[in-house]
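Participant: have a look; sequence and predicted model below, questions after that.
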Amino acid sequence: MDTKKLDDEQLARFTTAESSSKKILDRLAPFLAQQFPKGDFHFLDVGGGNGGWTDFVLDHYPNCQGKSSTTPSISFRRTLPMTARA
């Protein structure tokens, strides 16, 4: 099975998607406020990449707990030096 990888442009957009995170969180906020008025919920960010979304949510909801999970091929590509890439 072949794994599809992000190209450099997609990776850059993925890494800097904070404005998208805000839009998504703005849409989720009413539900979260209704279901978890104290902001004390748990979440798992599957496919979380570099953890940006997880960090964004945790910054806005300090009483919640979150974890990010992704495949190594995405996260390693971001963190490996350019000289180590094939």
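Facilitator: Received, thanks.
Participant: all helices of this protein, in order?
Facilitator: Taking DSSP state H to define them, one finds helices in the chain at 8-15, 18-35, 52-60, 72-79.
Participant: okay, now the unreliable bits of this structure?
Facilitator: For the chain, residues meeting the criterion pLDDT under 70 lie at 1-2, 13-19, 71-86.
Participant: at the geometric centre of it, which residue sits there?
Facilitator: residue 53 (3.1 Å; Cα atoms, centre = their mean).
Participant: check contacts around it.
Facilitator: Contacts for residue 53 were tallied using Cβ atoms under 8 Å, 6 or more residues apart in numbering; they are 17, 21, 24, 45, 68. C-beta coordinates here come from the backbone N, C-alpha and C atoms, glycine included.
Participant: ok, which pair from the residues you listed is furthest apart?
Facilitator: Comparing every pair within the contacts of residue 53 by Cβ to Cβ identifies 24 and 68 as the most remote, at 14.8 Å.
Participant: so which of those two has more stuff around it?
Facilitator: A count of neighbours by other Cβ atoms under 10 Å puts residue 68 above the other of residue 24 and residue 68, at 20 against 14.
Participant: residue contacts, that one?
Facilitator: 44-45, 48-49, 51, 53-54.
Participant: tell me how many other residues surround the residue lying closest to residue 21 once chain neighbours are set aside.
Facilitator: The shortest distance from residue 21 to any residue other than its chain neighbours is 4.4 Å, reached at residue 56 (Cβ to Cβ, 6 or more residues apart in numbering). Using other Cβ under 10 Å, residue 56 has 19 other residues around it.
Participant: verify the stated contact: residue 56 with residue 26.
Facilitator: No. Residue 56 is beyond contact range of residue 26, at 11.5 Å (criterion: Cβ atoms under 8 Å).
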